[in-house]
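1. Below is the sequence, then the predicted model.
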Amino acid sequence: MASYTSISEAAKEGSQVIIRGWVHRKRESGGIIFLVVRDRTGIIQVAVKKDSVDAASWSAAQQATIESSVIAGGTLNLDKRAPTGYEIKASKMEVVGIAEPFPITEYQSTELLLDKRHLWLRSQRMTAIMRARSYLFRYTRRFLDSQGFYEVTPPLITKAGGETGADMFEVDYFGQKAYLTESSQLYAEAMCFSLEKVYSFVPSYRAEKSRTVKHLAEYWHLEPEMIYYDNSKSMKLQEKLISYLARNLLKEEDMLKAVGVDAERLKKIRPPFKKVSYEKAISLLNEKGSKKQWGDDFGVEDEKLLTQDEEKPMFIYNWPKEIKPFYMPINPKDERTVICSDLQAPAGHGEIIGGSEREWRYDELKKRIAYVEQVKGVKFNMDNYSWWMDLRRYGSVPHAGFGMGMERVIKWLLNLDHIRDAIPFPRMINRMEP
């Protein structure tokens, strides 16, 4: 059986090589057919000269169309005229699968590229982004494993909705009302009372009717939970995780170049990150021309104003209790607020992590739920939360956790214009195909 070489490896050998890939570009000149062939690692030019190959190989080169799958063998040479400075002088050429006329050409609309997403993923840029995505998933697990965490696998169908269920996808579960999970936090909390430090890394679903560049209806959600952590210790862990991701991504120079990422920007992402109270953030926004009042949440433009001059992510901590979830404990130093933090990415990329201490005392948690019901005018179905309340009745301990939206992190680290390019097949308010 032939031994095949990846294109990135072929560009380092300088000998006889055999590659497999797809035709990225094609041109013909004076009895020579030039094929730029791609695989997952890069591109390389293959020169098929009529009088240097057999008839079958020449015929294959003639028949090959854009995106046809091919196998090519020959001698690797340096050639400054080639796209990457290397060229394979072909001795053998085979077409595995002929491609019909490719429906994507230069300068296509965003909607067409989304309609043809299954084909657009083959582009060099999308290939590089998907490689980065895979690396970041790998680095995330590697970091948490090194910190003594266990990965857990919560259910994605649940009866325990959010505060009202208004931003969740409802499903019929054999005649019962259920939801696609918006967060696996409750289940991760249950697991941390046995394994102590855990994380779930699974999809979450949000039925928000949002059309911003940072919202998806389905996204990958990292959610660690740690016993005996306070919010300060949790923020330090978040700093270490984010800087670890940036540092490791720097090793992938070819991928960063293909996406157009400035490596110098990633080098600056090191702890400590700036930490600003919600109250101070309100003042900063108003200094910059905004008109925010205590109790206001922050929108896209507010996040941009706060972070447009930052080089590293920025924590905003201790938010008003009225706008944060029921599981966050009241801050004893300022009972208007809860003990929590949001991590904002620089340059207006928005919130990438939301975290808090968890209210671990049974009676205090009941008070928090009653308060949220009163302020927001909602009614919890406590039957759906009884198992979770049990965690506070049987040996509860202080604990904390956070949720990180992976696609938002990818969007920021790669400086993408829209979150849709951070995931292979984006699900948004106006799109659920292909």
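-> Now that the structure is in, tell me what you want to look at. Residues are numbered from 1 along each chain as shown.
2. Need the distance between the two termini of stretch 94-106.
-> Here the two ends of stretch 94-106 are set 27 Å apart, with distance taken as CA to CA, to the nearest Å.
3. Would you mind listing the buried residues in it?
-> By neighbour count with 16 or more other CB atoms under 10 Å, stretch 94-106 contains the buried residues E94, V95. No exception for glycine: its C-beta is placed from N, CA and C like everyone else's.
4. What would the lengthiest helix in the chain look like as CSV? C-alpha coordinates only.
-> Counting by DSSP state H, the longest helix found in the chain is helix 124-146. Listed in CSV are the C-alpha atoms of helix 124-146, where the atom choice follows Å, rounded to 0.1, in the frame of the first residue of the first chain:
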residue,chain,number,x,y,z
GLN,A,124,-9.0,27.6,3.4
ARG,A,125,-10.2,30.2,5.9
MET,A,126,-13.0,28.0,7.3
THR,A,127,-10.7,25.0,7.4
ALA,A,128,-8.2,27.0,9.5
ILE,A,129,-11.0,28.2,11.8
MET,A,130,-12.3,24.7,12.3
ARG,A,131,-8.8,23.5,13.1
ALA,A,132,-8.5,26.3,15.7
ARG,A,133,-11.8,25.3,17.1
SER,A,134,-10.6,21.7,17.5
TYR,A,135,-7.4,22.9,19.2
LEU,A,136,-9.3,25.1,21.6
PHE,A,137,-11.6,22.3,22.6
ARG,A,138,-8.6,20.1,23.2
TYR,A,139,-6.7,22.8,25.2
THR,A,140,-9.8,23.4,27.4
ARG,A,141,-10.1,19.8,28.4
ARG,A,142,-6.3,19.5,28.9
PHE,A,143,-6.2,22.5,31.2
LEU,A,144,-9.1,21.4,33.4
ASP,A,145,-7.8,17.9,33.6
SER,A,146,-4.4,19.2,34.7
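5. Would you confirm that W22 contacts V70?
-> Yes. Using CB atoms under 8 Å, W22 is in contact with V70, at 7.0 Å.
6. which residues are in contact with both of the two?
-> V37 (CB atoms under 8 Å, 6 or more residues apart in numbering).
7. Go ahead and name everything in contact with the longest helix of the chain.
-> Under the criterion CB under 8 Å, 6+ apart, residues 24, 38, 40, 43, 120-121, 151, 199, 201, 220, 222, 224, 240-241, 244-245, 248-249, 252, 255-256, 258-259, 406, 409-410, 413-414, 416, 421-424 lie in contact with helix 124-146.
8. Show me just the buried residues among those.
-> Buried members of the contacts of helix 124-146, counted by 16+ other CB under 10 Å: 24, 38, 43, 120, 199, 201, 220, 222, 224, 241, 244-245, 248-249, 252, 255-256, 258-259, 406, 409-410, 413-414, 416, 421-423.
9. No further queries at this time; thank you.
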